[in-house]
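Participant: okay, sequence plus prediction incoming.
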2 protein chains.
Amino acid sequence: MRILITGAAGMVGRKLIARLAKDGTLAGRKITALYLHDIVPAQAPAIAGVDISIHTSDFAVPGAAADLVASRPDVIFHLAGIVSGEAEANFDLGYRVNLDGTRALFDAVRLAGFAPRLVFTSSIAVFGAPFPDVIPDEFHPTPLTSYGTQKQMSEALLADYTRRGFFDGVGIRLPTICVRPGKPNKAASSFFSGIIREPLGGQEAVLPVPRSVLHTHASPRSAVNFLIHAAEIDGNAVGQRRNLTMPGVAVTVGEQIEALERIAGPGVARRIREQPDETIWAIVKGWPTRFEARRARELGFAAESSFDEIIRAHIEDELGGKIS
Amino acid sequence: MRILITGAAGMVGRKLIARLAKDGTLAGRKITALYLHDIVPAQAPAIAGVDISIHTSDFAVPGAAADLVASRPDVIFHLAGIVSGEAEANFDLGYRVNLDGTRALFDAVRLAGFAPRLVFTSSIAVFGAPFPDVIPDEFHPTPLTSYGTQKQMSEALLADYTRRGFFDGVGIRLPTICVRPGKPNKAASSFFSGIIREPLGGQEAVLPVPRSVLHTHASPRSAVNFLIHAAEIDGNAVGQRRNLTMPGVAVTVGEQIEALERIAGPGVARRIREQPDETIWAIVKGWPTRFEARRARELGFAAESSFDEIIRAHIEDELGGKIS
């Protein structure tokens, strides 16, 4: 089993690599090679008996994608992409990487003539307001960002290339990943992780929106579970509709904080300071709240069942089981 | 009012040109220039006081689209495209013209920095089975052809480019156009027009599917009405969701034939010979039957209200009011 990962230096990429290294197998077959691609050098774990190679290039450059798939991997995880805020700020870069880069990769696979399983990380950013309280699987994507548009277009390509037999694609729309490890960033969604991560690390966190805000989350651990399951699932069971909204845990911010208090105590939860930010709230108001994700659940994709579990996963995976 | 039409040599393009020539105005402004583009030379009507120019090029070729929009037209009707069967048979050509060509045109407009109204003809081919009996406006597009995929991707671009202010786009998803003038073609849908057109012209027509088949139609006259309305509509009223499923007349094949009999008599209707074709029926079975088209109707797009009207439009527009 030879595996190519694009975006291997990113947060989800690194966690996927660690998981594959730990499992040693994918879809019941021993992993013999990992091809790790990113625009910056990915960190390679040492794994006995696994041939690991690092590929550093921009696959939106002509020819780069062909080089990347020349080894004809059995499974491709396509995680690479420009994030939402940057794709909005830099129109050309977003389309060049998220659309043209994805298409170059897909075409390289098509022209090489092997038909690997190809797992693509899409996003709930394909949806745009207004939407119902619970978005059904058959709801139309009408993105309100260039990032969401690029994901939607890539999903469409994935479905058509799969239908044509060029590869066996599965697109997974990730909900907000929470608790993200590391530092706060400029994303409007940053606080969803920050209000858990910072207090657990002994730091103060700012809550810029009301506690009533409802949102759907999945842990980084679940994101990796989705990827592994998407690589192993029977393609025939997926059928023609290759792009699936992943399940998650829908909670209010208030419920997030209650879970933190249950797990880490009121002293930790008191490290959250409410400081309303109208700009952030205006953005967050336009985001979807809940997803049906019926098809994904029926196909065996599973997320946490409570926000308590999401916090415990963070404490286990990032804090060595300890709370500051 | 200066107007660019791509695909100006096609059936809908020719009818749109004739209508604009007759009206002399669009959106209340006198038409002063028509730029007619196609890969083959479009036929130009002589219209007093209107500057007509013929542009023959493949706008998927770099630079061609920039030349085409250099005149900065006030309204662009983007009708050009490779048809469904050809896009399915020739993968590269379909993507090159229907996706890359559309994107090249959109980018040429973006880079030229004027923001015209841009009307794009999409198709109900963006939908793929299974679907409900009546497809609601918020139903997700999951095309089962490369043509439908290219239309879906172009719709996504149109919405994002409009949101960004590069142009003011309206995408209209046309139902099956019936009665198409001219000769039968190889399209699986050819018989929907054939069973009306051929008997009215004194010829025999073959019906390859059961009379119970339900399908939605709009006349060529309605297609032109949709285009004109899409050019004239208030963009603010359309909102962020720029792609609209057009209304049509949903009838069974049996009801089509009853309408023909009502209008032209039983002798004409007897020119239809039932000759089941399993291959065609298998294709037609996967097609959508009815559309809600609520948003389009609310925005003032109107089709015929009965199949009788569609037949009468054909007799008036194509047969000079006479039946053979």
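Facilitator: Sure thing, it's come through.

Participant: switch to C-alpha atoms for all contacts and neighbour counts from now on
Facilitator: Noted.

Participant: what's A:Lys30 sitting at in phi/psi?
Facilitator: phi -60, psi 130 (degrees, to the nearest 10).

Participant: contacts only, for it.
Facilitator: Taking Cα atoms under 8 Å, 6 or more residues apart in numbering or on different chains as the contact definition, A:Lys30 lies against A:1, A:24.

Participant: so what's A:Leu244 up against?
Facilitator: Here A:Leu244 is in contact with A:137, A:170-173, A:293, A:295-296 (criterion: Cα under 8 Å, 6+ apart).

Participant: 6 Å instead?
Facilitator: A:172-173, A:296 (Cα atoms under 6 Å, 6 or more residues apart in numbering or on different chains).

Participant: ok, it to A:Val126 distance?
Facilitator: Applying Cα to Cα, to the nearest Å, the value for A:Leu244 to A:Val126 is 11 Å.

Participant: picking that back up, in helices, which of the contacts of A:Leu244 fall?
Facilitator: Taking DSSP state H as the definition of helices, the contacts of A:Leu244 contribute A:Ala296.

Participant: A:Lys322 - how many residues pack around it?
Facilitator: Neighbour count for A:Lys322, taken as other Cα atoms under 10 Å in any protein chain shown: 11.

Participant: sorry, wrong one. I was asking about A:Gln256.
Facilitator: 24.

Participant: in three-state terms, label it for me.
Facilitator: helix (DSSP: H, G, I helix; E, B strand; the rest coil).

Participant: pull up the per-residue confidence for the residue nearest to it when sequence neighbours are not counted.
Facilitator: Distances taken as Cα to Cα, 6 or more residues apart in numbering or on different chains place A:Phe307 nearest to A:Gln256, at 6.4 Å, with adjacent residues excluded. According to the prediction, A:Phe307 has pLDDT 98.

Participant: show me where pLDDT drops low in chain A?
Facilitator: The model of chain A has no residue with pLDDT under 70.

Participant: give me the number of residues near the residue in it that chain B sits nearest to?
Facilitator: Chain B sits closest to A:His140 of chain A, with a gap of 3.8 Å, by Cα to the nearest Cα. A:His140 has 19 neighbours, counted by other Cα under 10 Å.

Participant: before we move on, back to that, from A:Val251, how far out is the residue nearest to A:Gln256?
Facilitator: For A:Phe307, the distance to A:Val251 - Cα to Cα - is 7 Å.

Participant: comparing these two, which residue is more hemmed in?
Facilitator: A:Phe307 (25 against 18).

Participant: list the contacts of the residue of chain A closest to chain B.
Facilitator: B:138-140.

Participant: can you tell me the element A:Ile5 falls in?
Facilitator: strand A:2-6 (DSSP states H and E).

Participant: show residues contacting that strand.
Facilitator: So strand A:2-6 is contacted by A:32-38, A:73-80 (Cα under 6 Å, 6+ apart).

Participant: among these, name the ones in strands.
Facilitator: With DSSP state E as the criterion, strands contain A:33-38, A:75-78 from among the contacts of strand A:2-6.

Participant: so is the nearest residue to A:Gly101 once chain neighbours are set aside in a helix, a strand, or just coil?
Facilitator: Spatial nearest neighbour of A:Gly101, chain neighbours left out: A:Ala60 (4.2 Å); criterion: Cα to Cα, 6+ apart. Remark: A:Ala60 carries the secondary structure label coil [criterion: three-state DSSP].

Participant: return the distance of A:Ala60 relative to A:Arg103.
Facilitator: For A:Ala60 relative to A:Arg103 (Cα to Cα), the value is 9 Å.

Participant: kindly report the same for A:Gln275.
Facilitator: 43 Å.

Participant: now A:Leu158, what's its secondary structure?
Facilitator: helix.

Participant: so who does it touch?
Facilitator: A:Gly169.

Participant: can you do 8 Å?
Facilitator: A:Leu158 sits next to A:106, A:169-171, A:242 when contact means Cα under 8 Å, 6+ apart.

Participant: what of A:Asp38?
Facilitator: Contacts of A:Asp38 by Cα under 8 Å, 6+ apart are A:6-9, A:55-58, A:80.

Participant: for A:Ala293, same thing?
Facilitator: Going by Cα under 8 Å, 6+ apart, the list of residues near A:Ala293 reads A:136-137, A:244-247.
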